[in-house]
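[1] output the structure for:
(2 chains)
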Amino acid sequence: EDQVTQSPEALRLQEGESSSLNCSYTVSGLRGLFWYRQDPGKGPEFLFTLYSAGEEKEKERLKATLTKKESFLHITAPKPEDSATYLCAVQHSNSGYALNFGKGTSLLVTP
Amino acid sequence: KAGVTQTPRYLIKTRGQQVTLSCSPISGHRSVSWYQQTPGQGLQFLFEYFSETQRNKGNFPGRFSGRQFSNSRSEMNVSTLELGDSALYLCASRPSPSGPNNEQFFGPGTRLTVL
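    Below is the predicted model of the structure:
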């Protein structure tokens, strides 16, 4: 069965304390892996798309990487405004270009 | 460029009623997808429309339906509402379902509460 699993479910960091969020997937024919950020009461905000193993993308304090089985979202020196739920989604040959989402990681960064 | 807009933002209905939600995609985007988000199941795909045709459908009952108009605006309808239909309904748009740069951009959602 096609699955997307994110860990941890929740993460609390001190401001400046770097960490990584994990997204593991078991799907056939990966077409793309997407990272989104979602603030409470809002729709998901697009962050990155990764298409092949070894690919990396960066934006400010965030860096996303991809292997054949998982993706990591590295957060370097986070700030309180980075607090949000981070969602991972995959697009694969069985999904017809729809997004199959993980349950998300809720990140809280305290001052 | 204006983002994806959804109306209404909040809706309260009672069991058995039906509801229609509306979505206007980003200008130039011809593909519109709908997702349901609940605390227990997370984000789940409902369906996608492109050029007024349903291109893909998720695993939801037939009470959930949608359509797309020639200007790419889309509506989804839920008939005979159940308590479990309470959720945030999200619309997302992209230029087309496949090809490069096909990331989806989401609207703010419609919060539906069924009493």
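[2] going forward, measure contacts between C-alpha atoms and count neighbours the same way
    Fine.
[3] how near is B:Val114 to chain A?
    18 Å (Cα to the nearest Cα, to the nearest Å).
[4] pretty sure B:Gly84 sits in a strand.
    No - using DSSP: H, G, I helix; E, B strand; the rest coil, the secondary structure at B:Gly84 is helix, not a strand.
[5] mind listing what it touches?
    B:Gly84 sits next to B:Val114 when contact means Cα atoms under 8 Å, 6 or more residues apart in numbering or on different chains.
[6] again with the one 5 residues further on
    The contact partners of B:Tyr89, by Cα under 8 Å, 6+ apart, come to B:34-37, B:109-112.
[7] sec struct for it, please.
    strand.
[8] B:Ser79 against B:Leu21, yeah?
    No - B:Ser79 is beyond contact range of B:Leu21, at 11.6 Å (criterion: Cα atoms under 8 Å).
[9] between those two, who's got more neighbours?
    Set B:Ser79 next to B:Leu21 and count neighbours by other Cα atoms under 10 Å in any protein chain shown: B:Leu21 wins out with 21 against 15.
[10] how close does that one sit to chain A?
    In terms of Cα to the nearest Cα, B:Leu21 sits 15 Å off from chain A.
[11] can I assume that residue is in contact with B:Arg73?
    No - B:Leu21 is not in contact with B:Arg73 according to Cα under 8 Å; the separation is 11.0 Å.
[12] now do the same contact list for the residue nearest to A:Leu13 when sequence neighbours are not counted.
    Leaving aside its chain neighbours, A:Leu13 sits nearest to A:Val109 (4.8 Å; criterion: Cα to Cα, 6 or more residues apart in numbering or on different chains). Shown in contact with A:Val109 (Cα under 8 Å, 6+ apart): A:12-15, A:78-83.
[13] no further questions, thank you.
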